[in-house]
Structure formats: structure tokens, C-alpha cells
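Q: pasting a predicted model and its sequence here:
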Amino acid sequence: MQSHILSIILFTPLVGALALLFVPKENKNAIRWIANLFAFGGFLISLPLVPMFWAQRFEPGFKFLEGTPNNWIPSIGAGYNLGIDGISFLLIMLTTLLGWISILSSWTAIENRVKEYYVWFLVLQTGMLGVFMALDFFLFFVFWEAMLVPMYLLIGIWGGPRKLYAAIKFFLYTLLGSVLMLLGILYLYFHHHTVSNPQVFTFSIPELYKTAPLIPFNIAIWLFVAFFIGFAIKVPMFPFHTWLPDAHVEAPTAGSVILAGVLLKMGTYGFVRFSLPFFPSVVSHPRVQNWVIVLSLIGIIYGALVSLMQKDMKKLVAYSSVSHLGFCTLGIFALNSAGLTGSVLQQINHGISTGALFLIVGILYERRHTREIAEYGGISNVMPIYATITMIMFLSSMGLPLLNGFVGEFTILQGAFTANWKWAAWAAPGVVLAAAYLLWLYQRVFFGTVTNAKNEKLHDLTPREILTFVPLIIMALWIGLYPKPFFQILEQPVNQIVQNIHDKSNANAAVNAQVAPVPGPTAAAEIGSDEVGSNLVVSKPGLTAARLKASN
Amino acid sequence: MLPMVELTIFALGILLIDLMVPQGWKWINALGAFVGVLFSAVCVWQIQSMLPARGLLGFYNSLLVDRFAIYFWYLFLAGAAISILASVHYLDVENEHHGEYYSLLLLSVVGMMCMAAGIDIVLIFIGLELMAISTYVLVGFLRRDRRSNEAALKYLLLGAFSSGIFAYGLSLFYGIAGSTNLGIIARAVSAQSPHNPVVVIALLTTMVGLLFKIAAVPFHQWAPDAYEGAPTSITGFMSVAVKAAAWAMLFRILLFGLWPLRSVYVPVIVIVAIATMTGANFAALTQTNTKRLLAYSSIAHVGYMLLAFVAMGTSQLGSAAFLDGFKGILIYLLVYTFMNLGAFAVITSLRQRNVIGDELDDMAGLYKRAPVEATLMLLFLLSLAGIPPAAGFLGKYYIFLSLIESGHYGLASLGVLYSLFGLYYYLKIANAMLMRAPMETGRLPVSIGMRCAVGVAALATIVIGVYPEPFIRSVNWSLGIVQSPHVAAVLK
Amino acid sequence: MVPITTLHYLVVAAALFVLGAIGVLTRRNVVIVLMSIELILNAVNLNLVAFSRMWGNLHGQIFAIFIVVDAAAEAAAGLGILIAFFRNKETVNIDEIDLLKW
Amino acid sequence: MFLNHIYLIPLFPAFGAVIMFFFGRRLQKATVNAVCVGAVVVAFLFACFTVVEYTHFAHGTGHPFEKILYTWLGSGDGHLNFVKRDGTTASFNADAGFLLDPLSSIWLLFVTGVGMLIHIYSTGYMAHEGGYYRFFGYLNLFMFAMLTLILANNYMMLFVGWEGVGLCSYLLIGFYFHRNSASTAANKAFIVNRIGDAGFILGALTLAWYLGSFRFTDINVQARGGHFAIGDPVLTAAALLLFIGACGKSAQIPLYIWLPDAMEGPTPVSALIHAATMVTAGVYMVARSNAVFVLAPTAMKTVAIVGALTAVFAASIGLVQNDIKRVLAYSTVSQLGYMFLALGVGAFAAGVFHVFTHAFFKALLFLGSGSVIHAMSGEQDMRNMGDLRRRIPTTHWTMLVATLAIAGIFPFAGFFSKDEILWQTWASEGGAYRILWFVGYGTALMTAFYMFRLMYLTFYSPSRMSHEAEHHVHESPKSMTVPLVILALCSIGAGWLSWPHSLGGSAHFEKFLEPVFAREAVVLVEEGKSAQLAAGEKEAEHTDKTEYALMFLSLAAAGVGWGMARHSYARAAKGYKEPIAVDAPPLYKLLYNKWFVDEGYDYVFTGRRKVGKVRLGVMGAGEASSWFDAKVIDGAVNDVGWVTKAIATISTWWDKWIIDGVGVNGPAILARMISYPARLFEWGLVQWYALVMVAGLLGFGVYYVWK
């Protein structure tokens, strides 16, 4: 007896999209209502998952499994298998929430080709959920790619002046990553066939978990690179990030919210779900680790610096994402429980805060149709509520304690520090700079007197707009004040992953020893190659029963 | 035999009926042709139902109706059916509505069937020529259109030239083996040293013919011209059915006939594959004529399929790589039939009284004028670009898988990178359709037949993409030939 | 007086083939180009017949007959198309077939 | 019963703030007063009871009391671990926990007390300002944060308060947000603080990484367990990092720059946040971490030296400022310097004691100046004041008391605390710190000078007021004067809590704090720094003569300063000359422009000013990066696109010109130009194709042979 809640959550938006197809496109309000209905419905339907998951949060492995292996395309060993653990659970909740919010937020923003817009948006929603739920690599890849199309259309059709450029850039960039990843996937698939006994072809991720780590280092490194590029582009990490500002600036508000809130997380999710378990020997190899960490650190500082100098609000927020995601990757590749937990938390937080920031920018844009910071000033005189909400979200984004941002950032710093104190030291300026660019932006936009006559007539937030922020603020406060539940949800999977890396990399230590050194920045090579051994945290095995008792 | 005979009868019948049908009722011809296709499909189905695993020999051992053949027959018929549906309205617009069109279509299908089923070089050659000649005429069918004439003439000259070279090679093989039967040729060849100059010359000349028909660089230059000049409905037909037939022939000869020589021809094919992908993709990048663009893209697709063929040629018979490569090409052809025909059908529907409709600008704002067609066109384009869940991905999946399995990581990477090029120029069309303002306003009139054609193609594309299991099954089934005795004997 | 062996026929055929090819590549009148193609096919026929004699079976000759037929058909179609082309362009000069480019 | 609900103390003001946040807009001023002031009053009373209960509950032992509400960071079941430096794992955990011990009780009392008074004062001062509810909401929020900071039982909770007070000071400095200077000052404050915070976080992380916990009690147990050698490098690093945090919060060199600008905020804010409470958070944190600091002599030295330097540096600037609040601001910085000097030389108790007394008289000074400004209807420049003593007598008397206190005149509060510090400095470590004593001594003299300068210019010298200003001058309402009086009483009496033994007193204050610092005493003894003993009576046998001498000297210094100020300013009429300006113009310029530090920072660090054409500092880096991003990285991407396009064009160009052009149009031209060989190209389009095919065939052959 399987529970089908995942499938239900997954396909609700799609059903909505299909339903919309039968609504005449002239009847815009009906379309809006239906779309919001389904989006909100999708969120509500995902709520029962919370208690169900909470009950078994400490149990090992994936929960709510659906489908048997190979039940979809037996002849190639692909199956419709869904299942979630703590990590994907949180991201799914985030997705349903943000999906609803962004659809709600585009009520007045979208005026032409409304029907299409909502249809594509709901399709996108399903695609994203699928990525987080899939336990089958083929299924995963299908969702992963299918999701690009609606996003591309959202940018390209409802985007700004340079939408065509941005849309194609987005699509090509991300596809470049995913095709390389495809080759990697195929290799894993084939490798599983060669080593498994009896020989079977399967895309089942749990199965591949068993065999992938057996790949010898000198091949695994290339596979890792293939996956890495795919995910790093998505995240985006430092040298691969230039699609992000363009996509964000051109995308409609809701598109940006989803893009920043969920799509970027797929990269980090990919790291956590695939790169780490599949290539333990590679990720724990000091040079490789240093490579990635250095990129993350560059991303943190660099993103912050660039956003400091932006003249376009949305670009500023976009670059701030680069900085924040730098923290996420830093946490992931610290390869210890704290770092990993913090990273996932930070992904959620970034989804909440930055999503809100894009909404905020969008609201001004909707009223004035410009995002030039210079156009504004003294807005808090005319839009006090708006100013207050903005302040709260800025604070959460810059990581003020008792708001969500701090919890994630701090946990990451803790993890990075215990892995290698130099990393944390390098990341710390990012926190300062975050305050700098956000507060400076706030000063330029909200403080002072209204200088621009066009801004005098701006009306404050409508109830609908306020409604879009309420859940975000609630979440921000919740994670900030009482993050314990989140830590508990993440505890099991994170410890699992770290444990695996530890064991496997020890197993492959021999291989590590004699392998030719991976090219890496020499500077990075020095950084803390000393404590690599101690990067890994051994969580206390067993005790699950005891913990269950404790939790009930 | 039955399906071919039956098709021939219909072809001739249509010629007769055409004399009696008045102008404006010409669609009756189309109907007849369609029915003919259906009938022969039924016949094929009957044969399939009574087909032993080892296949049926017929016609003095020159014809081997095995699962492989059956698979391709279905393919040709599907292609023909969709093209017929797409043609009616178009021909009316062009004022070239004649029965010959359909009968030639059917005859070319007969030729293809011979190519797919023949294991005797004579039969294969005859089939080839039958198909080729009918296509020459079809390409030049718009007699008052200079582009059409010119395309036909070029196609004919080059085609004849290539088949001359091809025939020369075949004659040499006959000389080597003393028989025209592929099986015997294979045995004889395997007896010879693969580096015997005569063998090599024979092989290379033969390959010129084969590569010409599948339009691989450097034998591709006829394709863009012919595709551009031909009636759009025929362009679609050529790009799928003719190409599929050429592939069938290529398999029959290179795989079953000349397998022992693979050490000689695989390296050559590697070069050709790379050249094909490179040339075609780069050339397509800046195309502004949609038909020509799709022509180049179809050449590029040939490049990918050749990659799979390389994987097959470099791995053990019956090994995973071999089978996956084989499946890859077969599925690719299947999928390609639908998605490409669909795309061409949409382009065909752009042809109006006063619009030629094959420029990129004619695509502009198509969404405003025909939302359904535009959306489906998007589907076809994405499928061509190999984005799941559209069907195109399945073919790419198998091809790259086979490359990985046979250890050609470099080629695989090259292939995926070129697929990005593909995405780029397909997106140019998509951008034009969905994101630009239309040139002329007003809804685009689309005929019933066209709607059916596009609909069927789209349905197939999405179904194969989302639930490919039965199709993969059928492909596996059609791979029965690998076990069938004649070939097996040859391949050992 | 040397006996005429198959090899001699092959050499002649090869020569024919090359001549045909050169003709195709060099002549400017479409009709003559078509003829050159026929020449190539004849080279093939010569091969086939010679081999057929060498092997003492009829496959080759059958093939040859088919090729003759095919050549005829090809020529017919070619000329038909050429006429259509001539109607529009008033020329059979192969260099003036230049409408379709790049 | 109070002790067990200690967490309520911060929650009262928090409640007030929440009310203001949601409903403030609709509330009457009276209601706002009731809620906000009420909240603080309740908090104060609750705090008093709590402390009383605590002192009985833990009488004599001074054993810290801890109350843990819930696990804040961490999964709480001890399965989320991190690796300590020694390789063992520790649980990643930070509780929402509260701790009460003598140290925190002292802060608790004077923060709630002074805070309450300032709230009351504000009801009068802000009566005519807009955003009344906003102001009180922020004030309450600040009280919440400050109390959290004080009562935290681990570094992370402390950091919550730490950042919270930073935020509130940001909000309150920027209270007049339509003034650009205000919002800029606010940003400056927050960002400079943030730098400190980064240091703080890293310090805390270091401790956790080394000692395996964020909890003060755990850390103290570890640090005092004697496992660590004096001068342990890691602990030194941790201490220094924490001190960076302290520098940010408590405005020490090099991060002091934000505090003077912070005077943009309303005066009560300056009194509460930037004089009495928030700025002492750094001192509190260092005192809290004393166990770590004493193990890191280097860090101690750094603290002492930085403290001394800041003291004298800020005092020197204070000498010549004309804005009444700025003078006080710099004096605050300088006094904070004193406190750190004390901590640095190990006289923790003395430092804390100075915080305590300073809270009263400095708050009093600010409130007094506020009352002056109120009276002068907004005028802050002392050059336009004078002769106010009869017009606003209460303000005058109370401020005089405060001045005497800060100048260190016996028997006012300042005398005892400052004298204690100087004495400890002199006596510490066999005199190595005596240079610092001289510095402190000089500072004392300057302090007396600028404070009395302020008094004379404001109250005594002939009036330099404009007429309408003179016309409006009036004493402030009761709500403002009453707090002044109370604070004045405190400024007189607070000192007596620690009447030194040398004068026959028994230093209750030190005794009370002993449990917190006693252990340090021992450590320092081991270190042979017996003179640094914070606990008073241990140094009774020490040379009393020197102590008396020093007392006398500091009194003398105060007197001299007073005298100089009187001589220069008692008769300062309109357009008077600054003595320094007369005697040493360049020095005056230097001091008046605050040693040009802000400008320097703008050039070097922030990059708000350009050096010639180039922009340095963060903004420079920002510009560089964005250029890099647009030109190089994205440029590279676009170049790739461009290259492919180019190749594509070439390949089409090839088809177009070579195949068609040469094949088709070429012949006509070439035939005439070149003769026979060029005619090779004379053949037409189709033939070119055919040629390529043949070439391909031959190419195959060549390739085969070559292979």
C-alpha cells in the first residue's frame, strides 16, 4: 500500500494547466481565479505532507516511496519512482509555497496573453516539483529539462526589452550544463550494468548510490566535472553566473521569484543529492574540494561587490543571489553535517528572502515601470507599509539574528570553520558587504525626501500584495526564532550523506593516494589541505529507535 | 510482396481515376492514395502476424521480409500517409493538383520497401532507382516554378551520378563474390583480405552512393537545394521517408553485407560523421529560410545517427553498445519521421495564395495567427532539439548511450555540444513564432487534412516521448534480424 | 595474340567510368552531362557482363539489363525535367542553374 | 519565582515594540506612553526583584543561575555534531538560554533603570516630534535587544542582542530619515558595527571549535580547568577576534568613527544607546569572556593599549568641537577607552565599575544637553549659547554635578571609578603599563578641560544667543527634569558603592563581582601580576603612599583642567577665540577635523572619495568587479557566441561565394582575366557539387591509404 500524496502534489498544477486550456482566453479574470485556485490548492495539498513527514523524520532512507523500479520504461530500466527525504521535503514545501505566492503576485502584473502565462507557470511548477521528487535518474532528467522550456517562455514572452537575448542565453547556458550531465548519467547507468550482479540496466538512484562510488578515481573525476558544470551553471557558481543577471532583469517578477527561489536551488540540490553520494572519493579529495570552495568564496565576495555597484535594483538582487548561493555551495563542500545542514537551510532562506526581494522590486516596477535606483528616493514617506516589509526582508536577507537568514549563514560558517577556519574567515566579509549593499540600496530608495515628482502619487500596498508577503514573513520569523524542527528534519539525511562520504572516501583512500594530482589553483591547494581528514563528521550511528522515542 | 503490388495497383489506379476527376475534386486522388496506404499497412500487418522469427525469403531469395523490413515498411507508410494529408491544400494553392503526384508518391514508397527488404543488390538497386526517379519528378512537380525545376534538375543529375558510382561499386562486389546476394557477397568478402584494392575500391564507391542518399557531408550539397526547391509537402516526405529508406539500404549493405569490412569503413564514417555535424550545424546557424534551415538540421541529424553507427561498428556484435546504437538509429528514424513531418506540415500551412511562407519572417507572430499550430511547432522544434519529454530526446539518449558504452567519450561530448547549436537555431524559429509581432494579421486558414497531419505528428511525438515503452519494444522486436539465419550466417 | 581476360574488360570499364565522370564534371550542356552519366552506367554494365562471363552465371547479365532499363528511365525523367526547366529559363546551360544558393 | 521567569524581562519591552509595530499608528500618545514606558517600568521592577532573589538564592557563592528556554540553533537531540580541533566531536547547539550572575545583574539593573528614566524623559522631549509611536517602538525594541544581550547564556544569544542593538541604533540614528546626513550616519553605524560582528562571530566560532561549546559556563569551566597554557595561540586568536567585535560595538580605534556621527539621532537616543548602554556592550562582552582573555596576555595588552590610545585620541578631538553633542560623543569614546584600559590591565572590576558610574553621569550629560537643546529650540552649536544658568537652573545644576563626576572630582562617582582604573594601571605588572598611566592621566586632564569648556560656553559665559532664540528659552517640563535630578543623585552616590580601602571603605562592588573575576585573580597571581588583582582588599598591603599620591595627582589634573577652561572661556563673548587656535593653528585644524580620519577612511577603505582618478576601497573593488563581470566573463561568453557565428558565416560564405560565386559568376570574369587553369572553375554549380563528391571519394581513398 503506497501513499500517493507525492503524485497528487506533483500533478495538481499540471491538472490546473490542463483545466485552463478549456477556458476562453478572453475571460481573463476567470483564468486568474482558476490559476490561483490551483496554485493555492497545490500549496494546501502539500500541507498534509508536513505532519506525515514529521512523524518519520528520523527514519533512514527515502520516505513516501512511489512506484516500483523500472515500472515506466522497463526496456531501459527507467521507472516512475518518487520519494523524498528531509532535504527534498523542505525544498518541495518551498516550491509549493513560492509557486502560489508568485502566481498570486502576477495578478495585475500580467495583462497580455494571460492564459498562456498561467498555463506555462503551472507546468513549470510541476516540473520543479518533479525534479525534487524523482528517485529515478531518467525521470529526474526529464523533469530537469522539461522545466527549462516554460521558464524560457516566461522570460521570452513576458520579459523586458532584451528578453530574446536573455531567454536564449538562459536556455543555452543551462542546457549546456545538462547535456554534459546527461553523458555523466549515461556513464553511471552503463557502469552500474557492468558492475552489478546480475547485470541490470537501471536508472534507480538508490541503486546507483551503491555502484557509483566504485568508479575509480581517475574516471570519477571527469564524471564529477560533468555533473559539476551542470549544477554549477544552475546554482550559479562564480564563472558560470552571467546568465543570471540577464535572466532576472528581463524576467517578469513572478518569473524572477521562481527563478531565484526554486530554480537556483536545483543546482545545490543536485550537489547534495548526486555529486556528494556518487563521487565521495572525488569531493573529499583536497584539491577538488579546494577548487570548489575557492569558487564559492570568490562568488560570495565577488557577487557582493558587484551588486554593491549596481544601478538597477533587480540586477542588484540578482547578484546578491550569487553571493548567497556562494554560501550554500561553501556549506555543501565543507562536507560536514553543520555545513550541509546550514546549506540546505540557507537554500530555503534564500528562497524566502530573495523571493520576497524580487516581489518588492516588482511592486515598485509595476507602479513606476523603472528599476533605476536613481529614479527613487524617500519612498518610505509615501509607502510606509511597503517600506516596513522591505526593511524586514532586507534584514532577513542580510542575516540578522532572529530572522531566517542568520540561522543558515551561521550554521554554514560553523561548518566551514570546523572544516578549515580560513574558509570561514574568507566568507565573513560577505556578511559585512551584504549589509553594505542592502542598506545603501534602502537608503537610496526609501530614505530622504521624495525628490522625484513621479513618486509622490504612489499608492501603498494593496491587501493582495500584503497577502503575498505574509507567509514569507511568517516563515522568516519561524526559521529565525525556532529553527529546531528544520534542523531535526535535516539531521538524518545530512548525517547519512556525510557518513557515506566518510566511509567511501576511506575505502577509496588507496586509489586517492596514487592518483595523479588534479589540477587546482595552487593557492587553493595550500588552503587547509591539512585538516582534510577532519573535514568529515561521523554522526553517531544507530540510536534511531532512541531518537524516535525522544521525538515522540 | 503483397503490399508493394497493392500499392502499385493503387498508383496506377489513381492515374486512371485522375483522368475522370474534374478540377476541384482532385482531393479524391488524395483519398485514394491514403486508402491505398492504409490497405498496404493492413497487408503489412497480416504479413507481420504470420511472420516466422527467421523472416520470409521470397522472389528468388532476393527479398527477405524480416522484422527489420516490416519496421521500415510501417515507417514509410506512416511518412507517406502524413505527407498525403499535408499535400491536399498545398497543391490546390499551387494549382498543381494532379493524380501523378500521389501515384508517384506511392511508387516511391514501393521503391523504398524494396530497398528495406532487399538482400540482393539488384533488387536494392532497382528499389533505389524507383524511389529516386519518382522523387526527382516530385521535386520538380511545380512545373511553373523555377526553383522547383532547378532543384529537380540538380537532384537528378547528382542523384544519377551518385547511383552510377554506387552501381560501379556493386558491380565490383558481384565480381568478387560471383553472386548478387548479399549473404554470399559477405562470405566472399570475409574470405578476402579487407585490404585487397578491388574490395576497397568497391567498398568506397558503394559508400559514396549510400552516403549520398542519406546526405552526409561531403555528399550533402544536393539536399539543401532540393529541399528548398521542392514542394514543401515533398520536402517533408523526402526528409523522412527517403532518408529512412536510405538508412535501411545502408544497414542492409554495410551491416549485413559488408560487416567484415568494418575495420575499413568505420574510420571513414567517423570522419564523415564529424564533418557532417560540423558543416551542417554551422551552416544552419545563420539560415533565414526555414526550409533550408530544416534541411541543414536534417543533415545534422544524419551526423548524430552516423555517430551511433560508429558505435555499432566499433563494438562486438550483439553487445550492449551495438544493440543500443542500432535501436538508437531505428528509434531516431521513427521519431524523426513524426517530428520533422510535423514541422514541415506547419511550414507547408504557411503557404498561402500570396505568400511563399518559407522565410523566417513568415513565421513571425505565428502564435497570434494560429496558436495551436505555433504551440505544436514549438513541440516539434523542442523534439528536434532533443529536449525531453518530447520524443526527440529518446533517439539522442540511445545514440549517446551507445557512444558511452563503446567508449567514444570524445565523440559523445562533440555530439552533445553540437546539439546545443541545434537548440540555438531551433529557438530562433521559436522566438520568431512566439515572441515577435506578426508580419501580416488575420488568422491563418488551415485545412482539415493539415490539421490531421499536424495533430497526428504531434500526438506521436508526445506519446513516444512520454511513454516510449511500446515503441522501444517494437524496435527490439524488429532487431530480430540479428538472429535471423541469413544475416547471422553473414555476420559470424 | 594475347587472350582477352576479364582484367582487360575491367580496365576498359574503368576507363569508361573515368571518362564518364570527367564528362559529368566538365561538359556544360545538361544533355551531354546526362549522356556522360549513361557512360558511367555502361561502364558498370561492362563490368557486370564481364564478371558474369567470368563466373559463368547470369546474375550479372540480369543486373545489367535492369541497369539499362534504369538508365532509360533516368534519361526520360531527366529530359522531362530539363524540358520543364527549359520552358522557364530558355537554356540548357548547366552554368545557369544558379537560382538556389548557399 | 522571578528568577525562573527571568526570560520575561526582555519580553516586556518586546511586547511593547510588537504593539507599536502593529497598532502604533492608531494609538494616542497617552496610550503609547502607557504601553512603552509601562513595559520598561515593569521590566525594571521585575529586574530588581530578580536580582534580589538571585543574591539571596546564590548568597556568597555568586554561582551563575541559568535558565534554558529551548534549543535555538541545532536539532536539540545531540545528533548534529561538529568536529572540534582535537578531532573529537561536539554537539552543534546554541540554546535560547538566560544567565544571571553578578556581572549581568549589575548591567541588568542600570540598563533597565537608566532606560526607564530615559523613556520617561523622552515622553517630554519627543512630545512635539512626528513618528512618536515609531520612536517608542524602536526604544522598546532596543531595550529588548539590550536585555537579551545582557542575559544571554551563550555567545549566539549574546549575538542576537548584539545585532539587535546594532539594528535599533541604526533605526534610531536614522529616525529623521528624511535628513540625508541622518540616514548616512545610520548606515555608517550599522556597517561599521557589522565589521565588528564578523570578528565576533569568527571569535565565537573559534571558541566553539576549540572548546566545543558556545555556552559561557562550559567555556569558563574549560578555560579555567587549567588545560590550556597561558598565551595559548588559539585562545589568543579568539580573544583578539572577540575584541574586534568589541571595538565595533564600543567605538574603539579603529572602528570608533560611527559614534560621533550617531549624534544625528534624537538626544534621548544618544543618551540611552550611545552613552549609557549599548556602547558598553563591548566592555560587557570582554568582561564576560574574561576567562579566555586572561589566558591570552597578548590580547590583554592589545585591549589595554587600544583603550588608552582611544581615550586620549578621542579626548583630544573633544577639546575643540563646538557641537555640544559631539563634545559629549567624543568624551564617551574617550571614557570607553578608559574602560578597555582597565579590562586590558586585568582590572575587570574597575572597568565594570566605571561603566556603571559612567552610565549615570554620561546619560545625565546627554539628557542635560538635550534639555539645553530643547530650551534653545534645536540649537546645538555652543558658540551661540552662553549664560543659560539662570534661565534653566535645574538643567544647569544637574549638568554641573555630572561634569564634576566625569572630571573626577572627589567625592563624585567619576572620581572613584577613574581613580581606581588609573591606580590599577600604575600598579599593574610591576609598572610595565606606566606609560599607559601617563596617557590616562593626560586624558583625565583633557577631560576636565573640555567638560568645563562645555559648561562655561553653555551656562556661564556672556550670552551669544540670537534674540528670538533668547526669547524662547525655557526650562524643560517635569517629565524631563525629574529624570535629570534622579540621575544627578546617582552620579553623586554611585561611586560610594566602591569606596576604596585606602580611604577606609570596603569595596562592595568588587566583592560582589568577585565570583566572576576571582578565578582571574588567581591566574594573574600565577602570572606574577598580583598588582592587577581586581578584588580590592588583596592589594591592601600594597603601598598606600603611592595610591594617595596618585589620587592627589588626578584631583590636581581635574583642577588644572578646570582652571584652564575657566581662564579661556569664562568671559567668552561673541566671536571669541579658541586658545588652541590662537597658539597652534595647525594643531587646531588637525583636531577640529578629527585628525582627518574619516577622509582617510573614505579614500582608502570605502572608496567614497577618489584618489585622483582611481577609486580605492570596497567601492573601487566593486566597480572593478562589475567591469570585469560585464566585459571579461560575459564578454567571453558572448565571444564564444560571436566566434561560432563567424564560423557559421564563413561556412555559408564559402557555399555562397566559392561554390556559387566562383562556380556561377566567376567564369565570366575569370575567363577573361586568367586563361586556361582558371577555366577549371568554369563549370557550373551542379558540377561543383559533383566535383566535391568525387573529391570526397578520392579523399576516402587517400585517407585509407594513408592510414
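A: Looks like it arrived, so ask away. Numbering: from 1, shown residues only, chains lettered A, B, ... in the order given.

Q: just the CA atoms of stretch B:200-208, as PDB, please.
A: The C-alpha coordinates for stretch B:200-208 follow below in PDB (Å, rounded to 0.1, in the frame of the first residue of the first chain):
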ATOM      1  CA  VAL B 200      38.500  -1.300 -51.000                       C
ATOM      2  CA  ILE B 201      37.600   0.500 -54.300                       C
ATOM      3  CA  ALA B 202      34.200  -1.400 -54.400                       C
ATOM      4  CA  LEU B 203      33.600  -0.500 -50.800                       C
ATOM      5  CA  LEU B 204      34.400   3.200 -51.200                       C
ATOM      6  CA  THR B 205      32.400   3.600 -54.400                       C
ATOM      7  CA  THR B 206      29.500   1.900 -52.800                       C
ATOM      8  CA  MET B 207      29.700   4.100 -49.700                       C
ATOM      9  CA  VAL B 208      29.600   7.200 -51.900                       C
END
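
Q: quick check, that stretch touching chain D?
A: Yes. Stretch B:200-208 reaches chain D (CB under 8 Å from any CB of the partner chain) through B:200-201, B:204-205, B:207-208. Heads up, the C-betas are built off the backbone N, CA and C, glycines and all.

Q: now stretch A:446-455
A: Yes. Residues of stretch A:446-455 contacting chain D under CB under 8 Å from any CB: A:446-449.

Q: just the buried residues from those, in PyMOL please.
A: Those of the residues of stretch A:446-455 next to chain D that count as buried under 16 or more other CB atoms under 10 Å in any protein chain shown are selected in PyMOL with:
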select buried, chain A and resi 446+447+448
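
Q: how about the secondary structure of the residue nearest the centre of chain A?
A: With distances taken as CA atoms, centre = their mean, A:Lys265 lies nearest the centre of chain A, 1.3 Å away. Under DSSP: H, G, I helix; E, B strand; the rest coil, A:Lys265 falls in the helix class.

Q: now do the same contact list for it.
A: By CB atoms under 8 Å, 6 or more residues apart in numbering or on different chains, the contact set of A:Lys265 is A:91, A:94, A:347, A:350-351.

Q: now, the residues you listed that are in strands?
A: Judged by DSSP state E, strands contain none of the contacts of A:Lys265.

Q: of all those, which two lie farthest apart?
A: Based on CB to CB, the longest span within those runs between A:Leu91 and A:His350 and measures 11.4 Å.

Q: so for these two, which sits in the more crowded spot?
A: A direct count of neighbours by other CB atoms under 10 Å in any protein chain shown for A:Leu91 and A:His350 places A:His350 higher, at 29 against 26.

Q: can you tell me the centre-most residue of chain C?
A: Central residue of chain C (CA atoms, centre = their mean): C:Glu38, at 2.2 Å.

Q: what does that residue show for phi and psi?
A: phi -60, psi -40 (degrees, to the nearest 10).

Q: helices and strands around the longest helix anywhere in chain C, which ones?
A: Counting residues, the longest helix in chain C under DSSP state H turns out to be helix C:59-89. Contact here means 3 or more CB pairs under 8 Å, 6 or more residues apart in numbering or on different chains; DSSP states H and E; on that basis helix C:59-89 packs against helix B:121-139, helix B:146-177, helix C:30-55.

Q: in JSON lines, list those helices along with distance to chain D and mean pLDDT.
A: Putting those into JSON lines (distance: least, CB to the nearest CB, whole Å; pLDDT from 0 to 100) gives the following:
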{"stretch": "helix B:121-139", "distance to chain D": "13", "mean pLDDT": "93"}
{"stretch": "helix B:146-177", "distance to chain D": "5", "mean pLDDT": "91"}
{"stretch": "helix C:30-55", "distance to chain D": "8", "mean pLDDT": "92"}
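
Q: just want the phi and psi numbers for D:Thr89.
A: Torsion angles, degrees, to the nearest 10, at D:Thr89: phi -100, psi 150.

Q: also B:Glu359?
A: Dihedral angles (degrees, to the nearest 10) for B:Glu359: phi -100, psi 160.

Q: surely it touches B:Lys291?
A: No. Contact criterion CB atoms under 8 Å: B:Glu359 and B:Lys291 do not qualify, at 9.2 Å.
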